[in-house]
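> whatever this is, show me its structure:
(one chain, ligands or ions: 1)
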Amino acid sequence: MSAPQVVVHRDKELMAKAAAARLITKIVDAQAARGSASVVLTGGRNGNGLLAALAASPARDAVDWHRLDLWWGDERFLPAGDPERNETQARAALLDSVPLAPARVHPMEPAGGRFGNDADAAAEEYALELAAAAGPEDHAAVPSFDVLLLGVGPDTHVASLFPELPGVYEQERTVVGVHGAPKPPPTRVSLTLPAIRAAREVWLLAAGEDKANAAAIALSGAGEVQAPAAGARGRSRTLWLLDEAAAAQLPRDLYPPASA
Ligand SMILES: O=C(O)[C@H](O)[C@@H](O)[C@H](O)[C@H](O)COP(=O)(O)O
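Numbering: from 1, shown residues only. Predicted structure coming up:
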């Protein structure tokens with residue numbers, strides 16, 4: 001697992017734009033090298049802020065949208081089209097504006113869908129979908145995602161893995177149902193840390209002073225059960241993308257200023 005790198009930008013707007021530019025380049029490089037790219041999306045303000053910045057980027061269509069596989073790191077287990085679903089928000093921020101191949105967009109099943117209100121069944125189905133997409137060279141039963149995006153909660157949660165709750169202890173399954181999440185809605189579906197750690201690169205997005213404590217804890221060697229973000233590492237890269245407010249409690253030797 002790769003040690004965390006930290007890049008700090010002036011504010012959340014610049015962080016979103018810089019992260020979007022970074023993601024475009026990563027996708028273009030992956031498509032040039034392997035003919036396609038695979039990205040895992042995250043919910044929340046920073047995740048959707050990155051997607052909105054990407055939609056507005058002048059370099060947006062350097063991406064071959066038809067050869068991009070999109071997955072989700074977690075989903076709020078709500079009915080299809082619910083404005084609070086991560087899929088709904090991602091479609092509004094970017095996905096509905098670009099020519100993706102529908103078969104290559106993999107949302108997690110909504111509540112009231114094929115599995116009714118059974119989030120655990122929805123999780124099992126997503127694990128099967130991931131396993132079916134994995135190749136012989138892939139790690140765990142998931143595809144080798146080029147970039148797996150994660151927002152970071154003020155309690156250091158990532159995806160829907162919350163400190164000390166059952167999901168963060170999961171070491172076998174790649175996707176779990178989450179019940180009683182402290183961040184509403186209480187029922188969710190989430191990748192687990194083993195699935196997250198199968199990604200080539202994991203990028204953690206945190207902006208705002210309400211994330212300063214979480215970033216300091218997660219980057220200070222805390223354990224993944226108490227601080228799930230600490231366990232979110234990529235096989236070849238782990239990148240924390242922060243704004244100055246979120247980096248305020250980090251030791252200065254952890255990062256040089258990345259932008260004016
Ligand atoms: O379903 C969700 O809410 C997200 O997947 C969650 O993991 C989010 O990324 C963090 O809570 C950070 O959210 P903000 O960026 O809005 O602070």
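
> secondary structure class for the closest residue to the ligand within the stretch 51-200 of the chain?
Using Cβ to the nearest ligand atom, the closest approach of the stretch 51-200 of the chain to the ligand is made by Gly151 at 2.3 Å. For glycine as for every other residue, the C-beta is placed from the backbone atoms N, C-alpha and C. Three-state assignment for Gly151 (DSSP: H, G, I helix; E, B strand; the rest coil): strand.

> in the stretch 101-250 of the chain, which segments are predicted with low confidence?
139 (pLDDT under 70).

> can you give me the helices for it?
119-133, 166-169, 193-196, 212-218 (DSSP state H, counting those that start in this stretch).

> just send these back as CSV, with distance to Arg235 and mean neighbour count too.
Shown next, in CSV, are the helices of the stretch 101-250 of the chain (distance: least, Cβ to Cβ, whole Å; neighbours: other Cβ atoms under 10 Å):
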stretch, distance to Arg235, mean neighbour count
helix 119-133, 16, 19
helix 166-169, 20, 20
helix 193-196, 11, 24
helix 212-218, 19, 21
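
> in TSV: these, plus distance to the ligand.
Converted to TSV, the helices of the stretch 101-250 of the chain look like this (distance: least, Cβ to the nearest ligand atom, whole Å):
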stretch	distance to the ligand
helix 119-133	13
helix 166-169	12
helix 193-196	11
helix 212-218	9
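
> can I get the ones you listed in CSV including distance to Pro251?
Below are the helices of the stretch 101-250 of the chain laid out as CSV (distance: least, Cβ to Cβ, whole Å):
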stretch, distance to Pro251
helix 119-133, 37
helix 166-169, 25
helix 193-196, 25
helix 212-218, 8
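
> that older thread, which strand residues bridge the residue of the stretch 51-200 of the chain closest to the ligand?
Leu205 (DSSP bridges).

> doesn't Asn46 make contact with it?
Yes - between Gly151 and Asn46 a contact is recorded at 4.8 Å, counting by Cβ atoms under 8 Å.

> what sits in contact with each of those two?
When contacts are counted by Cβ atoms under 8 Å, 6 or more residues apart in numbering, the set common to Gly151 and Asn46 consists of Leu205, Ala206.

> near the ligand, which residues of this structure?
42-47, 74, 76, 86, 151-153, 157-159, 183 (Cβ under 6 Å from any ligand atom).

> from the residues you listed, pick the one nearest Ala140.
Ala159 (14.8 Å; Cβ to Cβ).

> now for the closest residue to Ala133 other than its chain neighbours, how many residues are close by?
With sequence-adjacent residues excluded and distances taken as Cβ to Cβ, 6 or more residues apart in numbering, Ala133 is closest to Pro143, at 4.7 Å. If you count neighbours by other Cβ atoms under 10 Å, Pro143 ends up with 21.

> and Leu219, by the same measure?
Using other Cβ under 10 Å: Leu219 sits among 22 other residues.

> ok, it touching Leu250?
Yes - between Leu219 and Leu250 there is a contact under Cβ under 8 Å: 6.3 Å.

> need the overlap of contacts for the two.
Residues touching both Leu219 and Leu250 by Cβ under 8 Å, 6+ apart: Val6.

> the residue lying closest to Tyr255 once chain neighbours are set aside: which element?
Spatial nearest neighbour of Tyr255, excluding adjacent residues (Cβ to Cβ, 6+ apart): Val6 at 3.9 Å. For Val6, the host element (DSSP states H and E) is strand 4-9.

> for that strand, C-alpha coordinates in PDB please.
What follows is strand 4-9 as a C-alpha-only set of coordinates in PDB (Å, rounded to 0.1, in the frame of the first residue of the first chain):
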ATOM      1  CA  PRO A   4      -0.200   9.200   1.600                       C
ATOM      2  CA  GLN A   5       0.900  12.200  -0.400                       C
ATOM      3  CA  VAL A   6      -0.600  15.500   0.500                       C
ATOM      4  CA  VAL A   7      -1.400  18.400  -1.900                       C
ATOM      5  CA  VAL A   8      -2.900  21.600  -0.600                       C
ATOM      6  CA  HIS A   9      -4.800  24.200  -2.600                       C
END
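
> many thanks, I have nothing further to ask.
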